[in-house]
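A.B. asks: Based on what follows, work out the 3D shape:
(2 chains, ligands or ions: 2)
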Amino acid sequence: MMSNSMEFHLSLYRKMVMIRQFEERVKYLFLEGIMPGTIHQYQGQEAIAVGVCEHLADEDVITSTHRPHGHAIAKGLSVESMMHELFGKSTGCCAGKGGSMHIGDMAHGMAPAIAIVGGGAPIATGMALAFTMRKQPQVAVAFMGDGAVNEGAVHEAMNMGAIWSLPIVYVVENNRYSASTPIAQTTKVANLADRAAAYGMPGVTVDGNDVLAVYEAAGEAIHRARTGGGPTMLEALTYRITGHSRRDPCLYQPEEERKAALTQEPIVRFTEFLLSQGHTQQALDGVRDEVNAEIERAVQSAMAAPDPAPEEALVGLFV
Amino acid sequence: MAQMTIAEALRQGLREEMTRDARVYCIGEDIGIPGGWGGAFTVTLGLEKEFRERIIDTPISEAGLFGVALGSAIMGMRPVADVQYSDFIFCAMDQVVNQIATMRYMSGCKLTVPITMRAPVGATGRGAQHAHNIESMFLGIPGIKIVCPATAYDAKGLLKAAIRDDNPVLMIEHKLLYGSKGARTESGAVDASSDIPDEDYTVPIGKGIIRREGRDVTLIGTLLMMHRAVQAAEVLASEGISAEVIDPRSLSPFDWPLVEASVRKTGCAVVVEEGPRTGGVGAEIAASLTERCADALLSPVARVAAPDIPVPFSPPMENFYIPDVARIAAAARSVIVRQRMSVSA
Ligand SMILES: Cc1ncc(C[n+]2csc(CCOP(=O)(O)OP(=O)(O)O)c2C)c(N)n1
Ligand SMILES: [Mg+2]
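C.D. replies: Ligands and ions are numbered 1, 2, ... in the order given. Sure, this is the predicted structure:
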């Protein structure tokens, strides 16, 4: 990729802003009681999904989590098909059957998101095994949170990925909390990537709020996976600047910490970088306006789409 | 006497049991984080202030936490293990099914396994992996008692009975019945609050209760479905049909004397459950009723349950999935028609 061109930077910015604005719009719709269901949002972690997925084609696959909207947008799902899904319409990417926590579309290489913490890691490992068995050049990426690494399933998956030298990257988004529980209470190692040594795979910790740093580190890991070098555990340090889920007031996050995090969040930081590189605020505002317009069109089209007939529930089993 | 929601009654029950017995402790994810939520549904909210050492927050490691609960239990502790959503207990199935359920029996009853496992069920707009009704899956596992409180009074009383029991008890709780407040309010919640006596009490495990007396048909349901069955009985009453509603409260052991007596009186029964029909709780109850009172049944036992599909997200589809009052009432009418036909034949 033309990884230093202004155009490339602007395209990363556009994707990050698309995720942010999508999430902000969804939050509003949800809090206003217009959107059904529950939501876990991605504000503050945009650089990770974007920096990683930039290296992936539709044929490469990811598994995601209960917090999947950012991964979905970065992997190329249309905000329209996602919005329809969040509104429970049959025109959504999962025909209204999945909802927020199960967003996905294999046409873009994203399995339905997995709401069971850690559940995605073995599945992504199996996807990578399929690539190896069929001698296909694709890679799999398992996205997970810092909390997920304490699930047995993740341990088992990483070990298998390592012993079979599979084309997979385990991306751990360390936002320092699993739900309300701070990381200091759930793990003793300084960096989660230290655990990679136990499986015999490279472990890398990167600044997850720096999209270019993520892009670079993910590039190496994905290249290694694609060229037969086996898996990598890539830990991206970040912070969740929104609630764990829907109306969470985050009282367990110390005020100071939250405030500091807001100055370090990835879009603020990338904006500063872009301005220093000669991009104009006007151009960035223009991107934001375009993105907002696209999201608004998605919202309008999703709200206008008819509700599914209740009996559609019966369609889709053993077809 | 004070009016309490299920969440409040459980919290008070935990506080009293931990005060009464130093061996009782709670273990789970996000149950005692200062500034947190007191578990997914506020049940343990604030208890960490009173019992810092006995509210144990774990990493997200269900297999580990249930195994730890078991190990401590056979050493004399009395853990109350919490899974935020019952769906996550599947991550701990080896510990629960192979270990917890068998340990007491396998030891020739030399061990006691006083574990209470709290598991919230029900479809609530969260999609297929936060919606399972796990009751039926555990009904076929001997060695685990199963209780299903539908009111705050029963929730507290059954919790205390479970904690004091030397066997593992799976306590099924319904997300829409907790009465959780503030940021944890559930849309579509049903009022299950009760007057809670000031004095200590338990509700015996294995004893059901008649929620509404009737002559023509017996409706059997737990948790949310108990509330819907009572509503259905009201609809039926307006049509001149007198329905008896039984809340078994425990699924294992099951209060056969109570249910059998009712069915012998009415001659027909409808079993209601929120989960899928095949292999459901209703299947077991219907089959057993046929064995126990074939002579008294004037029509086949009817089942009202969800269709055999994963829980769909979309609200219209999810509403279609969960049995409603209309379906319960319709099933009652159908068994009564058959009953009357068989009486007149
Ligand atoms: C097996 C399992 N246990 C518990 C939960 C409840 N839960 C949902 S998200 C979450 C925290 C996850 O933390 P982390 O992996 O760090 O991801 P983050 O939410 O920070 O993105 C928990 C405990 C779950 N969904 N699945
Ligand atoms: Mg986290």
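
A.B. asks: Now the residue in the stretch 151-300 of chain B positioned nearest to chain A: closest residue in space that isn't a chain neighbour?
C.D. replies: The shortest separation between the stretch 151-300 of chain B and chain A is 4.0 Å, found at residue B:183 (distances taken as C-beta to the nearest C-beta). All C-beta atoms are positioned from the backbone trio N, CA, C, and that covers glycine. When the adjacent residues along the chain are set aside, residue B:183 lies closest to residue A:247, with 4.0 Å between them (C-beta to C-beta, 6 or more residues apart in numbering or on different chains).

A.B. asks: The one you found: what secondary structure?
C.D. replies: Secondary structure, DSSP: H, G, I helix; E, B strand; the rest coil: residue A:247 is coil.

A.B. asks: Model confidence score at the closest residue to residue A:63 other than its chain neighbours, please.
C.D. replies: Taking C-beta to C-beta, 6+ apart as the measure, residue A:63 lies nearest to residue A:120, with 3.4 Å between them; neighbours along the chain are not counted. The score at residue A:120 is 98. That number is its pLDDT.

A.B. asks: Kindly report the same for the one 4 residues further on.
C.D. replies: Residue A:124 is assigned a predicted lDDT (pLDDT) of 98.

A.B. asks: picking up where we left off before, could you give the number of residues near the residue nearest to residue B:183?
C.D. replies: Here the number of neighbours of residue A:247 (other C-beta atoms under 10 Å in any protein chain shown) works out to 14.

A.B. asks: ok, it - contacts?
C.D. replies: Listed by C-beta atoms under 8 Å, 6 or more residues apart in numbering or on different chains, the contact partners of residue A:247 are A:31, B:183-184.

A.B. asks: from these, which would you call buried?
C.D. replies: For the contacts of residue A:247, burial is judged from neighbour counts taken by 16 or more other C-beta atoms under 10 Å in any protein chain shown, and it is met by residue B:184.

A.B. asks: Provide the backbone phi and psi angles at residue B:173.
C.D. replies: Listed backbone geometry of residue B:173 is phi -120, psi 150, with angles given as degrees, to the nearest 10.

A.B. asks: mind listing what the nearest residue to residue B:212 once chain neighbours are set aside touches?
C.D. replies: Computed as C-beta to C-beta, 6+ apart, the closest residue to residue B:212 that is not its neighbour in sequence is residue B:245, at 4.2 Å. Contact criterion C-beta under 8 Å, 6+ apart gives B:210-212, B:214, B:218-221, B:226, B:229-230, B:233 as the residues in contact with residue B:245.

A.B. asks: Show me the residue at the heart of the chain, geometrically.
C.D. replies: Using chain A. In chain A, the residue lying closest to the centroid (C-alpha atoms, centre = their mean) is residue A:71, at 2.9 Å.

A.B. asks: sorry, should have said chain B
C.D. replies: Residue closest to the mean C-alpha point of chain B, counted by C-alpha atoms, centre = their mean, is residue B:148 at 2.0 Å.

A.B. asks: Please look at it and residue B:255 and confirm they touch.
C.D. replies: No - in terms of C-beta atoms under 8 Å, residue B:148 does not count as a neighbour of residue B:255; the distance is 11.9 Å.

A.B. asks: Touching both of those two, which residues are there?
C.D. replies: Taking C-beta under 8 Å, 6+ apart as the contact criterion, the residues that touch both residue B:148 and residue B:255 are B:248-249.

A.B. asks: tell me which residues in stretch A:232-250 are buried?
C.D. replies: Under the neighbour-count criterion of 16+ other C-beta under 10 Å, stretch A:232-250 has A:232-246, A:248, A:250 buried.

A.B. asks: rewinding a little: from what I can see the residue nearest to residue A:63 touches residue A:67, true?
C.D. replies: No - the pair formed by residue A:120 and residue A:67 falls short of the contact definition of C-beta under 8 Å, at 11.4 Å.

A.B. asks: so where do the helices sit in the stretch 201-345 of chain B?
C.D. replies: Secondary structure of the stretch 201-345 of chain B (DSSP state H, counting those that start in this stretch): helices at B:223-238, B:256-266, B:281-293, B:315-321, B:325-344.

A.B. asks: Show the average pLDDT along the longest one.
C.D. replies: Along helix B:325-344, the predicted confidence averages to a pLDDT of 89.

A.B. asks: hmm, it touching chain A?
C.D. replies: No - using C-beta under 8 Å from any C-beta of the partner chain, helix B:325-344 never reaches chain A; the gap is at least 12.1 Å.

A.B. asks: Convert the C-alpha atoms of that helix to CSV, please.
C.D. replies: Included here for helix B:325-344 are C-alpha records, laid out as CSV according to Å, rounded to 0.1, in the frame of the first residue of the first chain:
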residue,chain,number,x,y,z
VAL,B,325,-51.2,-15.2,26.9
ALA,B,326,-53.3,-15.8,23.7
ARG,B,327,-51.5,-19.1,23.0
ILE,B,328,-51.8,-20.3,26.6
ALA,B,329,-55.5,-19.5,26.6
ALA,B,330,-56.0,-21.2,23.2
ALA,B,331,-54.3,-24.4,24.4
ALA,B,332,-56.5,-24.4,27.5
ARG,B,333,-59.6,-24.0,25.4
SER,B,334,-58.5,-26.9,23.1
VAL,B,335,-58.0,-29.3,25.9
ILE,B,336,-61.3,-28.3,27.5
VAL,B,337,-63.1,-28.9,24.2
ARG,B,338,-61.6,-32.4,24.1
GLN,B,339,-62.3,-33.0,27.7
ARG,B,340,-66.0,-32.1,27.3
MET,B,341,-66.2,-34.2,24.2
SER,B,342,-64.8,-37.2,26.1
VAL,B,343,-67.1,-36.6,29.0
SER,B,344,-70.2,-36.5,26.8
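
A.B. asks: Which elements pack onto it?
C.D. replies: Using 3 or more C-beta pairs under 8 Å, 6 or more residues apart in numbering or on different chains; DSSP states H and E as the contact criterion, the elements in contact with helix B:325-344 are strand B:217-221, helix B:223-238, strand B:269-276, strand B:302-306.
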